[in-house]
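1. show me the folded form of this:
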Amino acid sequence: MKALQVSSLSSDLSGCELVDVPIPQRKDGEVLVRIHAASLNFPDLLMTRGEYQFKPEPPFIAGMELAGEVIEADADSGFSVGQRVTGGAKTGGMAEYASVPVRNLRPAPDALTYAQAAALGAAYTTAYTALVELGDLKAGQSVLVHGASGGVSLAAIDLAKHMGAVVIAATGSPSKMERITALYNPDHTIESNGRFREQINDLTHGKLCDLVLDTVGGDVFDESTRCVTFGGKLLVVGFAGGRIAEIATNIPLIKGFSVVGVRAGEYARQFPERGKRIAAAVSALAEEGAINPAIDRTIPLSQWRDAFTAMDRRELVGKVILTPGS
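-> As a prediction, the model looks like this:
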């Protein structure tokens, strides 16, 4: 089968190559899946450089997230041959086949295409874990979402709008605002370069934000500490801006807000029943048509470099999907 292999770590993708490797042999407790779509996530890019917290030893097949159909499964797995599934693992998704642990798979919502199903899991599970599970989001609350063109942030905007929140979408790329608005119609959009606290103050009539979801870090995090209302939460999802911010503990103490780390995958591993509940809730929302994953473009696996480069250059508004076998 064809697979995108990371043979060595590098800063310029020179350690990545499309290779022919054997179809994986399914083990007990795993499901062999023919992959129809693989979703590119920012951690996939970081893993090619050895910059993600999970550091697989090369060579490994890239790709955390996939959607496809079952080829082989144990009789007691809960899955049947031909069934549409979505899920994945930390690696292995950018290939024509993958053998995936049963616990990492779930039925793909019938309402979604394979591409949409591949774009659903990581982004919406993270958004749901952050906003609902840890943030306790309520209708009418104000939510500031940074890095608004990214997959997780767009999912958060979509989910928060569905739940009746007042959503402020923030991006460092003003040229993307029109596309973000066309997708999910946030209540407000702002540019997150420089100081934006006064803008937030004006938009919320002095109340500031109940929840701030930060995928960027650095200067954006620093300024966001001034945008959280008393009793609110600053949800830390990532550091796409490059700099991992630091905070003096007197700031959340005086301002009365919480800084909450969000690792949706680890949260589900630590609390399996909660993880199953979150995944089921996301799937139900997708089946109802209440949420709609944003796909920027679909690219054949053979053109994988275009996908990674587009992500590295911050060109995307939504997810980029790779299609194995083409």
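
2. tell me the centre residue of this protein?
-> A centroid search over the chain (C-alpha atoms, centre = their mean) returns A123, at 2.8 Å, as the residue closest to the centre.

3. that one contacts G151, correct?
-> Yes - with contacts defined as C-beta atoms under 8 Å, A123 counts as touching G151 at a distance of 4.1 Å. For every residue, glycine as well, the C-beta is placed using N, CA and C.

4. common neighbours of these two, please.
-> With C-beta atoms under 8 Å, 6 or more residues apart in numbering applied, the overlap between the contact sets of A123 and G151 consists of N41, K319.

5. before we move on, the earlier item: state the three-state secondary structure for the residue nearest to the centre of the chain.
-> The three-state label for A123, taken from DSSP: H, G, I helix; E, B strand; the rest coil, comes out as helix.

6. and the strands in the stretch 201-326 of the chain?
-> With strands called from DSSP state E, counting those that start in this stretch, the stretch 201-326 of the chain shows them at 209-214, 228-236, 258-261, 295-300, 319-323.

7. how about the longest one as CSV, C-alpha atoms only?
-> Which is strand 228-236. Output in CSV follows, covering the C-alpha atoms of strand 228-236 (Å, rounded to 0.1, in the frame of the first residue of the first chain):
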residue,chain,number,x,y,z
VAL,A,228,-11.6,37.1,30.8
THR,A,229,-14.4,38.1,33.1
PHE,A,230,-14.3,37.3,36.8
GLY,A,231,-15.1,33.7,37.3
GLY,A,232,-14.3,32.9,33.6
LYS,A,233,-12.0,30.4,32.1
LEU,A,234,-9.0,30.8,29.7
LEU,A,235,-8.8,27.5,27.9
VAL,A,236,-5.3,26.6,26.6
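
8. that strand pairs with which strands, and in what direction?
-> Here strand 228-236 has these sheet partners by DSSP bridges: strand 209-214 (parallel), strand 258-261 (parallel).

9. and of these, who's closest to H146?
-> strand 209-214 (4.9 Å; C-beta to C-beta).

10. which of the strands paired with strand 228-236 is buried the deepest?
-> strand 209-214 (a mean of 28; mean count of other C-beta atoms under 10 Å).

11. which other residues reach it?
-> Outside of strand 209-214, the residues within contact range by C-beta under 8 Å, 6+ apart are 127, 130-131, 135, 137-138, 141-147, 153, 156, 165, 168, 200, 220-221, 224, 227-229, 231-238.

12. any idea how far that strand is from the chain center?
-> Relative to the centre of its chain, strand 209-214 is centred 17 Å away, using C-alpha atoms, centre = their mean, to the nearest Å.

13. also stretch 97-106?
-> On the basis of C-alpha atoms, centre = their mean, the separation between the geometric centre of stretch 97-106 and that of its chain is 18 Å.

14. quick one: contacts of that stretch?
-> Counting by C-beta under 8 Å, 6+ apart, the neighbours of stretch 97-106 from elsewhere in the structure are 1, 23-27, 29-35, 61, 63, 66, 68, 71, 73-74, 77-79, 85-89, 92, 279, 283.

15. point out where the protein drops to low pLDDT.
-> When residues are selected by pLDDT under 70, those of the chain lie in 326.

16. enumerate the positions of the longest helix belonging to it that are buried.
-> Using DSSP state H, we find that the single longest helix of the chain is helix 272-288. Taking 16 or more other C-beta atoms under 10 Å as the basis for neighbour counts, the residues of helix 272-288 that come out buried are G275, I278, A279, V282, S283, L285, A286.

17. how far away is G88 from D44?
-> Here the criterion is C-beta to C-beta, to the nearest Å. By it, G88 lies 11 Å from D44.

18. then G50?
-> When C-beta to C-beta is the yardstick, G50 and D44 sit 13 Å from each other.

19. so these two - more neighbours on which side?
-> Taking G50 and D44 together and counting by other C-beta atoms under 10 Å, D44 has the greater number of neighbours (26 against 16).

20. now list the buried members of the contacts of strand 209-214.
-> Using 16+ other C-beta under 10 Å, the buried members of the contacts of strand 209-214 are 127, 130-131, 135, 137, 141-147, 153, 156, 165, 168, 200, 220-221, 224, 227-229, 232-238.

21. give me the subset of those residues that lies in helices.
-> Under the assignment DSSP H, the buried ones among the contacts of strand 209-214 contribute A127, S153, A156, I200, V220, F221, S224 to helices.

22. of the residues you listed, closest to L322?
-> S153 (20.8 Å).

23. so what's the closest residue to that closest one other than its chain neighbours up against?
-> Of all residues beyond its chain neighbours, the one nearest S153 is G147 (4.6 Å), with distances taken as C-beta to C-beta, 6 or more residues apart in numbering. Under the criterion of C-beta under 8 Å, 6+ apart, the neighbours of G147 are S153, A170, T171, G172, D214, T215, V216, V220, G238, A240.
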